[in-house]
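Undergrad: Just need the structure, nothing else, for what follows:
(one chain, ligands or ions: 2)
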Amino acid sequence: MSSEVYFMNLRTKQGHNLLDKLERLIGKAGILDGIEEKDLVALKMHFGERGNLAYVQPQFIRRVVEGVKGKGGRPFLTDANTLYVGSRANAVDHLETAIENGFAYAVVGAPLVIADGLNGKDYVAVPVNLKHFKEVKIGSAAVHADALIAVTHFKGHEATGFGGTLKNLGMGLGNRSGKQQMHSDVLPEITEDSCRACGKCAKWCPAGAITVSEKAKIDSGLCIGCGECTVTCPYKAIAINWKSQPDVFQEKIVEYTAGVLKGKEGKTGFITFVTNVSPLCDCCSWNDEPIISDIGILASKDPIAIDQAAVDLVNKAHGNPHSELGERHGENDKFRTLFPQVDWGIQLAYGEEVGLGTRKYKLIEVN
Ligand code: SF4
Ligand code: SF4
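TA: Ligands and ions are numbered 1, 2, ... in the order given. As a prediction, this is how the structure comes out:
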């Protein structure tokens, strides 16, 4: 069995602009068909870090918003806060960055809701019972939505090879402590010099693993690695350990994606922009020269098939010698060339194994 992935290139002519073409693509792919009257529909976005310009333009998002409204749905744009310190680590900074990047209501026609709340603590533990996690921590607005459409900008990523739909959903909608769980195989540690013994971490620790006298201490025998303390400490005295093996990291993202999609069967859709394919993630506060020329936009009901199709399209395209690829622009696998330590296929193979979709696809062009 293969899945259908619909594709539009970026050619246009008078009277047929890209926004109209996107609308046709979405219609042919049928990704809004599961939306019912009054459904709250989450449009999972990446609003772009401040200073990054590679994210999907808000004018395209407005057309998706209009499509959802046309089905009677109530769309909202959403993403969860970041773990790293940047311009989207809490809802206030995140919303300001999104609006600065053009995602104002006046432009997109829908409200913005930060999925895991003001400081990343607003999540639902979704049971998945998979290899790494029994349950995953997903931003509550995404869980409580009736339907979900992921709008993804496809690009490179140093830890997953490429960042596609799986990364947009799994990493993107994990709350801050969930992101810590995905990023780290190692329990957090207290940096004693920074600790002011305020006791906040102990108050939030669900395992009673922290005691505070002169300094906070974590009992590694009790700690369950949930990551709550790392996002709670106001003095950054609890170190986030970013170390995670690329294969384990990818599998964890897939398990989080399974949690995001759980309970929304028949009410999800995926759109991927294979444009401005920057070598690194939109979480960077810059975007480098694209590694290929713009290819087009994909739409599918299958999150694995759409990622496989996107990576295949990128790898078939001519590499840009003026990009980070440089003299290696002729290599077939551009993401392995950029990140030789990462086998990006792991996320797709594991996603297939846990039943999220198939790597086999039929590419259907829409004009
Ligand atoms: S929250 Fe931070 S500063 Fe306060 S006791 Fe815990 S580690 Fe120390
Ligand atoms: S990671 Fe979780 S369980 Fe471990 S000390 Fe921090 S809050 Fe407690």
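Undergrad: What residues does the stretch 101-250 of the chain have near ligand 2?
TA: By the rule CB under 6 Å from any ligand atom, the part of the stretch 101-250 of the chain lying against ligand 2 is 188, 205, 207, 209-210, 218, 223-229. For the C-beta atoms, the positions are set from N, CA and C on the backbone; glycine is no exception.
Undergrad: Return the subset of those residues lying in helices.
TA: 228-229 (DSSP state H).
Undergrad: so where's the stretch 1-150 of the chain shaky on pLDDT?
TA: 84-85 (pLDDT under 70).
Undergrad: Which residue ranges of it form helices?
TA: Along the stretch 1-150 of the chain, the segments classed as helices by DSSP state H, counting those that start in this stretch run 18-29, 58-70, 91-100, 105-108, 140-144.
Undergrad: By neighbour count, which bits of the longest one are buried? Give me those.
TA: Buried residues in helix 58-70, counted by 16 or more other CB atoms under 10 Å: 58, 60-65, 67-68.
Undergrad: Dump it to CSV, keeping only the CA atoms.
TA: The C-alpha trace of helix 58-70 is given here as CSV (Å, rounded to 0.1, in the frame of the first residue of the first chain):
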residue,chain,number,x,y,z
PRO,A,58,1.8,34.3,6.6
GLN,A,59,-0.1,35.0,3.3
PHE,A,60,0.0,31.2,2.6
ILE,A,61,-1.3,30.5,6.1
ARG,A,62,-4.2,32.9,5.5
ARG,A,63,-5.3,30.8,2.6
VAL,A,64,-5.2,27.6,4.8
VAL,A,65,-7.2,29.5,7.4
GLU,A,66,-9.8,30.4,4.8
GLY,A,67,-10.0,26.8,3.8
VAL,A,68,-10.6,25.6,7.3
LYS,A,69,-13.3,28.3,7.8
GLY,A,70,-14.9,27.2,4.5
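Undergrad: Packing partners of that helix?
TA: Applying 3 or more CB pairs under 8 Å, 6 or more residues apart in numbering; DSSP states H and E, one finds that helix 58-70 makes contact with helix 18-29, strand 40-44, strand 74-79, helix 105-108, strand 147-153.
Undergrad: want to throw those into TSV with distance to Leu313 and mean neighbour count?
TA: Formatted as TSV, those follow (distance: least, CB to CB, whole Å; neighbours: other CB atoms under 10 Å):
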stretch	distance to Leu313	mean neighbour count
helix 18-29	14	18
strand 40-44	21	24
strand 74-79	25	23
helix 105-108	27	15
strand 147-153	14	25
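Undergrad: and stretch 181-190, which residues are buried?
TA: By neighbour count on 16+ other CB under 10 Å, the buried set for stretch 181-190 is 181-184, 188, 190.
Undergrad: In these, which has the lowest confidence score?
TA: Lowest-confidence member of the buried residues of stretch 181-190: Ser184, scoring 74 (pLDDT).
Undergrad: measure that one to ligand 1 for me?
TA: According to CB to the nearest ligand atom, to the nearest Å, Ser184 and ligand 1 sit 17 Å apart.
Undergrad: got the residue ranges for the helices in the stretch 201-350 of the chain?
TA: Along the stretch 201-350 of the chain, the segments classed as helices by DSSP H, counting those that start in this stretch run 228-232, 246-261, 303-316, 334-338, 345-353.
Undergrad: Does Ala142 touch Asp79 like I think?
TA: No - if you go by CB atoms under 8 Å, Ala142 and Asp79 don't touch, sitting 9.1 Å apart.
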